[in-house]
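Colleague: Please work out how this folds:
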Amino acid sequence: MTTTTLAVLVPLLPFLGAAAGLLLGRTAPGYVRPLAVLPSLTSLVLAVLVAVRQGGGQAINAATELTPTGSVPIELALHIDGFAALVAVLVGVVASCVQIYSTGYLRDDPRYPSYAALVSLFTSAMLLVVYSGDLIVLLVGWEVMGICSYFLVGHYWETPEARAASIKAFLVTKLGDVPFLIGLFALGTDAGSFRITTVLGTVASGGLHHPTLIALLLLAGVAGKSALFPLHTWLPDAMAGPTPVSALIHAATMVAAGIYFVARLLPVFQASSAAMVVLAVMAAVTMAGSALAALAQDDIKRVLAYSTIGQLGYMAGALAVGDRGAAVFHLLSHGAFKALLFLAAGVIIHASGTNSLAVMSRMTGLRSRVPDAYWTMTVALLALAAIPPFSGFFSKEAVLGAAEHVATGHTEHAPGSAGWIVLVAGLVTAVLTAAYATRLWLLAFHGRGVEAPDHGKEPRSMTFVLWVLAVPSLAFGLAYGPLPDWFDGRDLTPVLTTSVLGTGLALVGGIVTYGAWRHTTALAPRVPMGAVAAHPDAEPARVEAEAIASHAPAFGDVAYAPDPADPGRLLLGPLHRHAAVGFHLDAVYNVLFVRPVQAGAALVRFLDREVVDTYVRGAAALPRLLGAAVRRAQTGNVQTYVSALLAGTVVLVVAALLVATGA
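Modeller: Reported below is the predicted structural model:
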């Protein structure tokens, strides 16, 4: 079988699995789980074969014209370079792990068949984005992911939080997709084709007429899809969806799509120095702002959501300094350890009955209840904090090293100012990342108070996946050695200066947070005001849905005093209350966008009801009055009719005589 055929099957198999799952979900429920897992696993195997055959060498290109357009052609095209081959493998790994994990996590959910089918469709759409060599076909996968995320985030539609989160995610990403679509059309018009190879050739020959405008329009869509400032606010709210969905969206699929798009078309953005500086500023604000917000969150999943935003900022920073090898390296590394963090969080939420770190910190023995989640999450948090030798250290160091290289003027691929912006923001974020990772670990696993509820062993399908993802979280960073060909031949060996700075700052962040935790714990011992009732048969998904709906422990009616023993409060001080609500960006957008739209809608409603309807009612009033007058003349008395006829005749005769006399 040719490599091209294998590549076509990679996105096709999950799509067929989704279609079969939707058709057989009600009539043959026993086939739902195999149809969810097997296509994803097969697609993963084929993606690995494609990566091996591609070998990091010459890109694989194939195309056939979709339909004659009469102007710019649209083609079913493949463009598989080293980046595409590796990202497809990552998507396959994470999607397969999520599907396997979900068979246990959602085993009794009545909507599991539609959920599994949507996850498969989501996976197919992302793989289409990864392999596509035509921008319009890529756009199809881009939009399918958007609608799938709407349904998956709103899986618990019974809760108002899930309904609001799904609508917000859809609308905010669409806000970016509109200029993104305009930018794609402008790019295709300038290049005379939507083929990625043709577009890149046009850029190389200086054929783009409006590079800055096109780049900025495309960045709007990237900001929405990859949750970069200022369109990142949908991502924390998307935590209202099931935890496996959070792992899928936040690790390797939807949020990575924007970063991957910029990496694939990086020369388009490099054609405009202004666009590169704008991207650097977006990355810097995204990194630092999200890290501060993560340090103030109480919901464990919202901490991880803001963490995702921050790591996407690192990837965008690498692209802003013109190093797509470092960006994709961090994308791959982050995909593994972030999926692990979310899936481990799902186990912890089930064990504790709550999403709240404050409540977890009042439980003792939680880590002994979920040893698999404890050890694997520890590995993932060390990778997130970029502590060597975990994978996050090597990939984040590649980003910082690239920024330092540009800042010191050793390359002309990006403005020096972009290098300094990314480097300074990246180092500041390294401190904050280690701080919130340490805080999460301490509050979740080292609490004191009531005994954590005992639910027995978690399903093996859940714990097995955690250990599978722990392997790349620990070892993938070492891939910088044997896999340079897949990263444009870029040497990803850690640089001494930024390695020492980054690791030192991360250690400082962790140590200071630990000291703050010890200090607050000693000053304010936490005493629970209630006891948690264990429900041994509780299902993880039901526990999470109830915790989301109630914002409280799902097991029993439990009241807890406010938790003063949070190191985040001590470290952030007066900034804490602002960081906890995302620095009020939602309130700002409410004033700038939501209220004007609502006011416009109210005005349109007023005009429709009071102006348009008034004209309609007025137009009907005159015929109605005439009809009433005519109706009154219809008395039914024959004598009246004859009298009126004679009177009319007399009037006509008199009128005729007057006219004749006048003549």
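Colleague: can you give me the strands in the stretch 51-200 of the chain?
Modeller: Counting by DSSP state E, counting those that start in this stretch, one finds strands in the stretch 51-200 of the chain at the ranges 60-67, 74-80.
Colleague: correction: the stretch 351-500 of the chain
Modeller: Ranges of strands in the stretch 351-500 of the chain, per DSSP E, counting those that start in this stretch, are 363-364, 450-451.
Colleague: got those as a markdown table, with mean neighbour count and mean pLDDT columns?
Modeller: For glycine as for every other residue, the C-beta is placed from the backbone atoms N, C-alpha and C. Listed next are the strands of the stretch 351-500 of the chain as a markdown table, based on neighbours: other Cβ atoms under 10 Å; pLDDT from 0 to 100:
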| stretch | mean neighbour count | mean pLDDT |
| --- | --- | --- |
| strand 363-364 | 20 | 86 |
| strand 450-451 | 16 | 80 |
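Colleague: Using a markdown table, please lay out these together with distance to residue 114.
Modeller: Putting the strands of the stretch 351-500 of the chain into a markdown table (distance: least, Cβ to Cβ, whole Å) gives the following:
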| stretch | distance to residue 114 |
| --- | --- |
| strand 363-364 | 34 |
| strand 450-451 | 38 |
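Colleague: where's the spatially closest residue to residue 392 that is not a sequence neighbour relative to residue 94, distance?
Modeller: Spatial nearest neighbour of residue 392, chain neighbours left out: residue 383 (3.8 Å); criterion: Cβ to Cβ, 6 or more residues apart in numbering. Residue 383 sits 15 Å away from residue 94, taking Cβ to Cβ, to the nearest Å as the criterion.
Colleague: low-scoring stretches of the stretch 401-550 of the chain, by residue?
Modeller: For the stretch 401-550 of the chain, applying pLDDT under 70 flags the ranges 455-456, 480-481, 484, 523-539, 541-550.
Colleague: if you set the cut-off to 80 instead, what comes out?
Modeller: Within the stretch 401-550 of the chain, the ranges that satisfy pLDDT under 80 run 410-413, 449-450, 452-458, 477-491, 521-550.
Colleague: so what's residue 470 up against?
Modeller: The neighbours of residue 470, taking Cβ atoms under 8 Å, 6 or more residues apart in numbering as the test, are 340, 375-376, 379-380.
Colleague: Can you mark which positions in the lengthiest helix in the chain are buried?
Modeller: In the chain, taking DSSP state H as the definition, the longest helix is helix 160-191. Judged by neighbour count using 16 or more other Cβ atoms under 10 Å, the buried positions of helix 160-191 are 161-162, 165-166, 168-170, 172-173, 175-177, 179-188, 190-191.
Colleague: Narrow the contacts of residue 470 to those that are buried.
Modeller: Of the contacts of residue 470, these count as buried by 16+ other Cβ under 10 Å: 340, 376, 379-380.
Colleague: Which of the residues you listed fall within helices?
Modeller: Among the buried ones among the contacts of residue 470, the ones falling in helices (DSSP H) are 340, 376, 379-380.
Colleague: Can you tell me which of the residues you listed lies closest to residue 642?
Modeller: Nearest to residue 642 among those is residue 340, at 100.1 Å by Cβ to Cβ.
Colleague: Let me see the mean pLDDT of stretch 39-52.
Modeller: Across stretch 39-52, pLDDT averages out at 95.
Colleague: hmm, who's touching that stretch?
Modeller: Contacts of stretch 39-52 (Cβ under 8 Å, 6+ apart): 3, 6-7, 9-11, 13-14, 16-17, 60, 80, 85-86, 88-89, 91-93, 95-96, 99, 120, 123, 127, 486.
Colleague: ok, of those, which come out buried?
Modeller: If you count burial by 16+ other Cβ under 10 Å, the buried members of the contacts of stretch 39-52 come out as 3, 6-7, 9-11, 13-14, 17, 60, 80, 85-86, 88-89, 91-93, 95-96, 99, 120, 123, 127, 486.
Colleague: Select from the residues you listed every entry located in helices.
Modeller: 3, 6-7, 9-11, 13-14, 17, 85-86, 88-89, 91-93, 95-96, 99, 120, 123, 127.
Colleague: give the contact list for residue 487.
Modeller: The neighbours of residue 487, taking Cβ under 8 Å, 6+ apart as the test, are 56, 82-83, 325-326, 328-329.
Colleague: which one of those residues has the most neighbours?
Modeller: When neighbours are counted by other Cβ atoms under 10 Å, residue 329 leads the contacts of residue 487 with 32 neighbours.
Colleague: would you say that residue is within a strand?
Modeller: No. Using DSSP: H, G, I helix; E, B strand; the rest coil, the secondary structure at residue 329 is helix, not a strand.
Colleague: was I right about it contacting residue 398?
Modeller: Yes. Judged on Cβ atoms under 8 Å, residue 329 makes contact with residue 398 at a distance of 5.2 Å.
Colleague: Can you list the low-confidence ranges for the stretch 201-350 of the chain?
Modeller: Counting by pLDDT under 80, the stretch 201-350 of the chain has low-confidence residues at 250-253.
Colleague: Mind jotting down where the helices sit in it?
Modeller: 211-225, 234-237, 243-251, 254-264, 266-270, 273-294, 300-320, 324-352 (DSSP state H, counting those that start in this stretch).
Colleague: Touching the shortest one from outside, list them.
Modeller: By that I understand helix 234-237. Applying Cβ under 8 Å, 6+ apart, the contact partners of helix 234-237 are 161, 164-165, 168-169, 172-173, 227, 250, 255, 293, 297, 302, 305-306, 308-309, 582.
Colleague: Also the fourth one?
Modeller: When contacts are defined by Cβ under 8 Å, 6+ apart, helix 254-264 is touched by residues 79, 83-84, 87, 122, 126, 129-130, 138, 142, 145-146, 149, 196, 218-219, 221-228, 235, 248-249, 269, 279, 308, 312, 315-316, 319, 324, 327-328, 331, 335.
Colleague: Go ahead and flag the most central residue of the protein.
Modeller: The residue lying closest to the centre of the chain (Cα atoms, centre = their mean) is residue 255, at 4.5 Å.
Colleague: quick one, what contacts residue 278?
Modeller: When contacts are counted by Cβ under 8 Å, 6+ apart, residue 278 touches 216, 219.
Colleague: and the gap between it and residue 313?
Modeller: Distance, residue 278 to residue 313, by Cβ to Cβ: 14 Å.
Colleague: can you map out the helices along the stretch 401-550 of the chain?
Modeller: Using DSSP H, counting those that start in this stretch, helices in the stretch 401-550 of the chain cover 416-445, 460-475, 496-523, 540-550.
Colleague: Now do the first one: which elements does it pack against?
Modeller: For helix 416-445, the contact count by 3 or more Cβ pairs under 8 Å, 6 or more residues apart in numbering; DSSP states H and E identifies helix 273-294, helix 300-320, helix 357-360, helix 366-369, helix 371-384, helix 391-407, helix 496-523, helix 567-572 as packing neighbours.
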